[in-house]
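Colleague: quick one: sequence plus predicted model below, questions after.
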Amino acid sequence: VIPGEMLIKMAAPAPSDYFTFSVGSSVSCTTCLGQNIQGEVVAFDPPSKMLAIKSPSSKTPDRHDVHIVNLALVSNVDVVHECTEPPPSLPVLNFQKLDARARHECSEKWKAVNLIGIGVSPDGQKLFNTIHKTISETRWRDKDIVVLDDIVISPPYGLENCKGKEGQALAQVRKIVEKYIKEQQLSQTNSS
């Protein structure tokens, strides 16, 4: 083996056939499919023979791509530059911020799940989505659309199916439903 270069043996190599990669080293490897990956080593796990390589993103200039490479599927690895310095210390994590972010994301996912009606027609779901864009206090109660806890729109979700206390809110919801129905009719006319 030439110093600084490692050829991967494809047939069940012994652990001594691999050497470790220092974090921060620059490597270039060729996969068994001929793909060339170059970049900086960010992690290496000898037991699983997995190497994480960071390289500049081909899509976004200020970002990086991280490639996880299985060395058992690599035909050649060149160490372009061996890093001899110890890796930088890991940043301190703000667990309270991470926990709050995770809770917020879960809450948002549950909200999104609750916006999907169970057993409702596609047309009913589309109407619900249309109303929800304008009035966020819209939810499902079985197959009925409930707006502002006052107005109920029952299947088949027509203008005559809007029930609630007469007033500005009911008038607004009826306008939304009427506009939605007209748009659907126009769309069906244009598609036929």
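Modeller: Structure's in. What do you need?
Colleague: need the longest helix for the protein.
Modeller: helix 168-191 (DSSP state H).
Colleague: going by neighbour count, list what's buried in that one.
Modeller: 169, 170, 172, 173, 174, 176, 177, 180 (16 or more other C-beta atoms under 10 Å). C-beta: built from backbone N, CA, C; applies to glycine.
Colleague: what about that helix, average pLDDT?
Modeller: Mean pLDDT, computed over helix 168-191, is 93.
Colleague: returning to what we had before: can you put the buried residues of helix 168-191 in TSV and add distance to residue 144?
Modeller: What follows is the buried residues of helix 168-191, written out as TSV (distance: C-beta to C-beta, whole Å):
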residue	distance to residue 144
169	16
170	15
172	18
173	13
174	16
176	16
177	13
180	16
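Colleague: quick one: which of these is nearest to residue 138?
Modeller: residue 173 (9.1 Å; C-beta to C-beta).
Colleague: what segments of this protein are strands?
Modeller: With strands called from DSSP state E, the chain shows them at 5-6, 26-31, 36-45, 50-56, 64-70, 74-81, 138-141, 144-147, 151-153, 162-163.
Colleague: pretty sure residue 51 contacts residue 44?
Modeller: Yes: between residue 51 and residue 44 there is a contact under C-beta atoms under 8 Å: 5.2 Å.
Colleague: looking at the two, which one has more neighbours?
Modeller: Shown here are residue 51 and residue 44; by other C-beta atoms under 10 Å, residue 51 has more neighbours (24 against 21).
Colleague: list the beta-bridge partners for the more buried one.
Modeller: Residue 51 has the following beta-bridge partners by DSSP bridges: residue 44, residue 69.
Colleague: quick one: contacts for it?
Modeller: By C-beta atoms under 8 Å, 6 or more residues apart in numbering, the contact set of residue 51 is 21, 27, 29, 41, 43, 44, 45, 68, 69, 71, 77.
Colleague: ok, 7 Å please
Modeller: 21, 41, 44, 69, 71 (C-beta atoms under 7 Å, 6 or more residues apart in numbering).
Colleague: would you check which pair of these lies furthest apart?
Modeller: Of all pairs drawn from those, the greatest distance, 11.8 Å, lies between 41 and 71 (C-beta to C-beta).
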